[in-house]
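Chemist: What shape does this take:
(2 chains)
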Amino acid sequence: DAGVIQSPRHEVTEMGQEVTLRCKPISGHNSLFWYRQTMMRGLELLIYFNNNVPIDDSGMPEDRFSAKMPNASFSTLKIQPSEPRDSAVYFCASTLRGSGRGGETQYFGPGTRLLVL
Amino acid sequence: GQQVMQIPQYQHVQEGEDFTTYCNSSTTLSNIQWYKQRPGGHPVFLIQLVKSGEVKKQKRLTFQFGEAKKNSSLHITATQTTDVGTYFCAGLGAGSYQLTFGKGTKLSVIP
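Modeler: Got it, this is the predicted structure:
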């Protein structure tokens, strides 16, 4: 099992540029989460998809951030235009919701380390 | 909204000493999960607690869920350098789909 795959692993860009982060969830999982992690704010949930449909995007910081999940095996998080304060590690996580185990164990990808200069 | 507080934020221990991190939720939880993130890595699921007063052990790690299902703790006995990392609790509110993560406790172990 390949686990959750994220690309790129590292991204350095200049302020104002568009950044696209990609995620492939674990095959068979039906829920996908995008998180942002910084020293100051910890792990923040940005958006949650269930069966490819965005359920809760209340954590998305502002209109510069957008996320899509065109199919069950792919999601993107786009920042346009990027700003230095967007520098963080962005994690994608997936889970099988409704697995009957009484919880929602999340499997995290390796993350994308974004630096906006 | 639901809040999960975790203390301490940092803990430095001598190898062989014990370590405990505490997690408190503002609301009753249906379950609580614990994750470990190694330096430079990603959060990895450790365990899930569901029942009131539940205690689970994984080798030197002991996890507890409070009777009121609003607090939890992780205790490590005789820490080793391999225990280094940040430990997160994450609570699932009743009827919720969304885990709320604590800010984590960063553990350093001095050899």
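Chemist: contacts and neighbour counts: CA atoms only from here.
Modeler: Fine.
Chemist: In PDB, list the C-alpha atoms belonging to stretch B:83-91.
Modeler: Output of stretch B:83-91 as PDB, limited to C-alpha atoms (Å, rounded to 0.1, in the frame of the first residue of the first chain):
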ATOM      1  CA  ASP B  83      10.400   8.600  21.600                       C
ATOM      2  CA  VAL B  84      11.400  12.100  20.400                       C
ATOM      3  CA  GLY B  85       8.700  13.900  18.500                       C
ATOM      4  CA  THR B  86       5.500  15.800  18.900                       C
ATOM      5  CA  TYR B  87       2.500  14.000  20.300                       C
ATOM      6  CA  PHE B  88      -0.900  15.200  19.300                       C
ATOM      7  CA  CYS B  89      -4.300  14.400  20.700                       C
ATOM      8  CA  ALA B  90      -7.300  14.800  18.400                       C
ATOM      9  CA  GLY B  91     -10.900  14.700  19.500                       C
END
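Chemist: where exactly do the helices run in chain A?
Modeler: Assigned by DSSP state H, chain A shows no helices.
Chemist: Please name the spatially closest residue to the residue most central in space within it (chain neighbours excluded).
Modeler: In chain A, the residue lying closest to the centroid (Cα atoms, centre = their mean) is A:Trp34, at 2.7 Å. With Cα to Cα, 6 or more residues apart in numbering or on different chains as the criterion, A:Trp34 has its nearest non-adjacent residue at 4.6 Å, and that residue is A:Cys92.
Chemist: My understanding was that the one you found contacts A:Gly3; is that so?
Modeler: No: taking Cα atoms under 8 Å as the contact criterion, A:Cys92 and A:Gly3 are not neighbours in contact, 11.0 Å apart.
Chemist: who has more neighbours, these two?
Modeler: Between A:Cys92 and A:Gly3, counted using other Cα atoms under 10 Å in any protein chain shown, the more crowded position is A:Cys92 (32 against 15).
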